[in-house]
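Chemist: Fold the following for me, if possible:
(2 chains)
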Amino acid sequence: KQEVTQIPAALSVPEGENLVLNCSFTDSAIYNLQWFRQDPGKGLTSLLLIQSSQREQTSGRLNASLDKSSGRSTLYIAASQPGDSATYLCAVGQGGSEKLVFGKGTKLTVNP
Amino acid sequence: GAVVSQHPSRVICKSGTSVKIECRSLDFQATTMFWYRQFPKQSLMLMATSNEGSKATYEQGVEKDKFLINHASLTLSTLTVTSAHPEDSSFYICSARDSGVRQTQYFGPGTRLLVL
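Modeler: Have a look, this model is predicted:
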């Protein structure tokens, strides 16, 4: 059974700092991996999608990497801003079924 | 980008009543929609996969008679929580898979259910 773990559970940083969020998964047979952002009481916003054949994806200040063999992904946020404060969720897509297995998320607070 | 809506956004009901939650894909067709539940400080847990025109597929441990899913059109899926109890209080989120080339899931804003 696939399990997704995110470390740390919470992170507080000053504005402008670069930071890394970690995601690990137990079964490397994944179809893809996604990073989402969730604001309090809201739905999910997809940030980056990495296919299993890819190593990384970039969008603006965000960069996500994938090491399928070791079961790890990282989300790098450059020059963090208070508006980046949210919970970041990692989810792996299981091959064929399109099911997503989510981690519990990392709650990020960027202090002005 | 593609938009998925949910209605209602928030509902409070008495124990024993049934609650229907709608999930709509507004600008694309979705043959498949997914229903998730999220308890406070927990992961989103997949409850069921809803397929247009056929029966939903439920995850292990999810009671299909309690959580009724109907996917009658390519843009609408409904989740009905029957005889709701306080332990059903949760945040319910749907996602819709774009039937087009992209095959991407888009998530709705969620529905907060509180059962008194």
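
Chemist: low pLDDT regions in chain A?
Modeler: In the prediction, chain A carries residues with pLDDT under 70 at positions A:95-97.

Chemist: Apply 90 and report the result again.
Modeler: Applying pLDDT under 90 to chain A flags the ranges A:1, A:29, A:31, A:40-43, A:94-99.

Chemist: could you pull out the strands for it?
Modeler: Under the criterion DSSP state E, chain A contains strands at A:4-7, A:10-14, A:19-25, A:30-38, A:44-51, A:56-59, A:62-67, A:72-77, A:86-94, A:100-102, A:106-111.

Chemist: can you list those strands in a markdown table and add mean neighbour count and distance to chain B?
Modeler: For the C-beta atoms, the positions are set from N, CA and C on the backbone; glycine is no exception. Output for the strands of chain A, formatted as a markdown table (neighbours: other CB atoms under 10 Å in any protein chain shown; distance: least, CB to the nearest CB, whole Å):
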| stretch | mean neighbour count | distance to chain B |
| --- | --- | --- |
| strand A:4-7 | 18 | 7 |
| strand A:10-14 | 12 | 10 |
| strand A:19-25 | 18 | 12 |
| strand A:30-38 | 21 | 8 |
| strand A:44-51 | 19 | 4 |
| strand A:56-59 | 14 | 13 |
| strand A:62-67 | 19 | 16 |
| strand A:72-77 | 20 | 16 |
| strand A:86-94 | 23 | 7 |
| strand A:100-102 | 22 | 4 |
| strand A:106-111 | 17 | 9 |
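
Chemist: Switch those over to a markdown table; also include distance to residue B:115.
Modeler: Written out in a markdown table, the entries for the strands of chain A read as follows (distance: least, CB to CB, whole Å):
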| stretch | distance to residue B:115 |
| --- | --- |
| strand A:4-7 | 29 |
| strand A:10-14 | 29 |
| strand A:19-25 | 33 |
| strand A:30-38 | 23 |
| strand A:44-51 | 24 |
| strand A:56-59 | 39 |
| strand A:62-67 | 37 |
| strand A:72-77 | 35 |
| strand A:86-94 | 24 |
| strand A:100-102 | 24 |
| strand A:106-111 | 26 |
